[in-house]
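Peer 1: Just a sequence and a predicted model for now, questions to come.
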Amino acid sequence: MENLRMLHFFNSHVPWSESNVFLASSLKSLPDGLKILCWDGFPQRSLPQNYWPQNLVRLEMIRCHLEQLWEPDQKLPNLKWLDLRYSGKLIRIPDLYLSPDIEGILLTGCSKFEIFPEIKDTMENLAVLKLDGTAIKTLPSSLCRLVALEVLSLDSCASLETIPSSIGDLSKLCKLGLTNCESLETFPSSIFKLKLTKLDLSGCSKLRTFPEILEPAQTFAHVNLTGTAIKELPFSFGNLVHLQTLRLNMCTNLESLPNSIFKLKLTKLDLSRCSKLRTFPEILEPAQTFAHVNLTGTAIKELPFSFGNLVHLQTLRLNMCTDLESLPNSIVKLKLTELDLSGCSKLRTFPEILEPAQTFAHVYLTGTAIKELPFSFGNLVQLQTLHLNLCTDLESLPNSIVNLNLLSVLDCSGCAKLTEIPSDIGCLSLLRELSLGESRIVNLPESICNLSSLELLDLSECKKLECIPRLPAFLKQLLAFDCQSITTVMPLSNSLIQIPSNSQECNIFRFCFTNGQQLDPGARANIMDESRLRMTEDAYRSVFFCFPGSEVPHWLPFRCEGHSITIHRDSLDFCRNDRLIGFALCVVFQLPDTNDIKRKCGSFSYCLNYVSDHGKHILPNNDNLKSYFYWRDQERKLDQDQDHTFLWKYNLEFPEMSCMSRMLPRARSFTFEISPYYDDNILQPPSFLSIDRYFKSTVKVKKCGICPLYTKKKDDNNAGAGDYSGSVRFSKNGIEEPSGSNAA
């Protein structure tokens, strides 16, 4: 092996794992001609004494057991690359003068490596030095002799206490890592002589002072001081003349900022969670570059009027500023696109907007103490999103809100004192989401049916709401969980607007209305009629209805009591119809009388199967029923004293169904069955292929039903899909008697 030039042992299956090379005895020697030696997980404490590494160019021993390379040290005149990363037993490396041509030293994760050797001679080639995760406490002042050094990584050196001032002489250094140096208390001002573009000291939790910057630093663009113990920045901080981003988030000792900061060319200033920052400095002249300011979670009580000098500010976040009491009028003159005041629980008023504001697009007032918005709020003419949820003191909305022609999201959920919304709300032609849940609204204005873009209407827990008026035809989701006072539901749409079948954005409909104990028969009939319209429209790929009721709708031809229904051969003509696209499925159920909270949600699985000459075939479950009862991170509960009816669409047009649907014409019987099992701890209901004895039912099934659905012919203007009831024969032989009224 005298001519061997490269030796490489590595674990190809698990990189950097323990070596899978085992030595029967201690390694005595290696070929002196080796140029490359790579041995992941090398098992010995040092390299063989009889090995003379004069020709070695590259030495890689990641996760090895070395404590040192040799004892005594060997000359390595040709070594260019030393990689001993994650060698947890390494204590020392040879003096660098023994490797004068070395270009890279990688000691990342060598957790027992404490002392970096003195640099006795100028090193003209060493460009990369990675000491992150080592136990070093300081670096030698001779560090300045590494004249070619470009990358110095000291991240996560938890014991590092000081950095020598000579670091400023490393004229080629362009990348310096100092994050999470938990013992570092200060660093030298000479660091600003470097040509760094980024200085990241985040996680240096004992860093209390920032050094003076004695002259303009031309290259620094990004400074990150997240999580440090700094109390203030020096006035000379303004010498970072090209600084673009400054992160001071989670500096919990920071009490003030120098005015000089606004002379910088900052675009982003992050002061979030600086919990002792009580004041924001005056801005004495227009600051042209500031675009994003984050003051989340600070102790600020008010902003200065001069805040308006941030003339190009785009986003301002003041959320969770629980001491903030007011805003200056100058704020609405800014070019903000986003203003976030969520959680400002002492903020009682919103400033007047004296002239149209052309840029405000998103305003978040969640959880503020605002009682009313000014009439001039309508001057936010470009507003698209308005969040007023959890404003428990809000009593009304200004009529001018209907002039916000671009408004697409209006959230007033949790506004416990809100009793009405403007009667002309229907003017908001671009409104897509309207959330009024947990308000005290009694009636909705009739104009709501004119909201032609509305996709979501959330009325959940509107305990006083008495009527659901006629709604827009393009609505995708109506959520009325736990609306106990509703007695009337108007016909939801005059006629179903035709939606292109290839539209991917308009293919769902979801109607959830629960615990409506006072619902009158006419309202229930309107819901059933609407369910038929939605189910039989080709464009809707997914349809779901839940409403109080104890009957299977009349338009489902196959129905019976119990948790399963089987259709026999003489009623299976629908299986041989090439226009069949799926089924409308229905279940009437009641929750068990129990104190178990988990069992108060309607959870079950279902199965469609058919029997042919080739045996029993199960159609995959392609809908997640339990997910319909999750909204705003809550699992909605049902009244256990009231029956509820589920209706949903089972679609055969999904790709995974194509094979099954081709085999349906051979069916001798067809069964729709509610699973007797369910797992409370999973979101996705199990298919019948995965059921085991650990699943438990949470509902008592009383009735079930099924209706075939057909695609319309091109010349068919009527609701042809689902019009099966006229031709079906309800013979006793066609429907099997139910196997029981309870899901076992």
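Peer 2: Everything's here; your move.
Peer 1: Would you double-check that residue 709 falls in a helix?
Peer 2: No - applying DSSP: H, G, I helix; E, B strand; the rest coil, one finds residue 709 to be strand, outside a helix.
Peer 1: who's it bridged to?
Peer 2: Judged by DSSP bridges, the bridge partners of residue 709 are residue 582.
Peer 1: How about residue 558?
Peer 2: Beta-bridge partners of residue 558, as defined by DSSP bridges: residue 706.
Peer 1: Touching, it and residue 671? I think so.
Peer 2: No - taking contacts as C-beta atoms under 8 Å, residue 558 lies outside contact range of residue 671: 10.6 Å. Where you see a C-beta, it was placed from the backbone N, CA and C, and this is true even at glycine.
Peer 1: hey, what's in contact with both of the two?
Peer 2: 565, 567 (C-beta atoms under 8 Å, 6 or more residues apart in numbering).
Peer 1: And these two? Which one has more around it.
Peer 2: residue 558 (25 against 18; other C-beta atoms under 10 Å).
Peer 1: what number of residues lie near residue 66?
Peer 2: Residue 66 has 21 nearby residues by other C-beta under 10 Å.
Peer 1: Quick check: pLDDT value at it.
Peer 2: In this model, residue 66 is scored at 93, pLDDT.
Peer 1: give the contact list for it.
Peer 2: Contact analysis of residue 66 by C-beta under 8 Å, 6+ apart lists 42, 44, 45, 46, 47, 84, 87, 89, 90.
Peer 1: Mark which of the residues you listed are part of strands, please.
Peer 2: With strands defined by DSSP state E, no entry of these lies inside them.
Peer 1: In PyMOL, how would I select just the buried ones from those residues?
Peer 2: In PyMOL syntax, the buried subset of the contacts of residue 66 is picked out as below (16 or more other C-beta atoms under 10 Å):
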select buried, resi 42+47+84+87+90
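Peer 1: What is the nearest of the contacts of residue 66 to residue 703?
Peer 2: Nearest to residue 703 out of the contacts of residue 66 is residue 87 (C-beta to C-beta; 70.1 Å).
Peer 1: So that closest one is in contact with residue 59, correct?
Peer 2: No - if you go by C-beta under 8 Å, residue 87 and residue 59 don't touch, sitting 11.7 Å apart.
Peer 1: Please identify which helix or strand holds residue 618.
Peer 2: strand 615-619 (DSSP states H and E).
Peer 1: Show me what that strand is packed against.
Peer 2: Applying 3 or more C-beta pairs under 8 Å, 6 or more residues apart in numbering; DSSP states H and E, we find strand 615-619 packed against strand 606-612, helix 658-663.
Peer 1: can you give me the helices for the protein?
Peer 2: Using DSSP state H, the helices of the chain run over 521-535, 658-663.
Peer 1: hmm, which helix or strand of the protein has the shakiest average pLDDT?
Peer 2: strand 630-631 (a mean of 46; mean pLDDT, DSSP states H and E).
Peer 1: Next up, the contacts around the closest residue to residue 420 other than its chain neighbours.
Peer 2: Nearest non-adjacent residue to residue 420, counting by C-beta to C-beta, 6 or more residues apart in numbering: residue 441, 6.2 Å away. If you count contacts by C-beta under 8 Å, 6+ apart, residue 441 has them with 418, 419, 420, 421, 459, 462, 464, 465.
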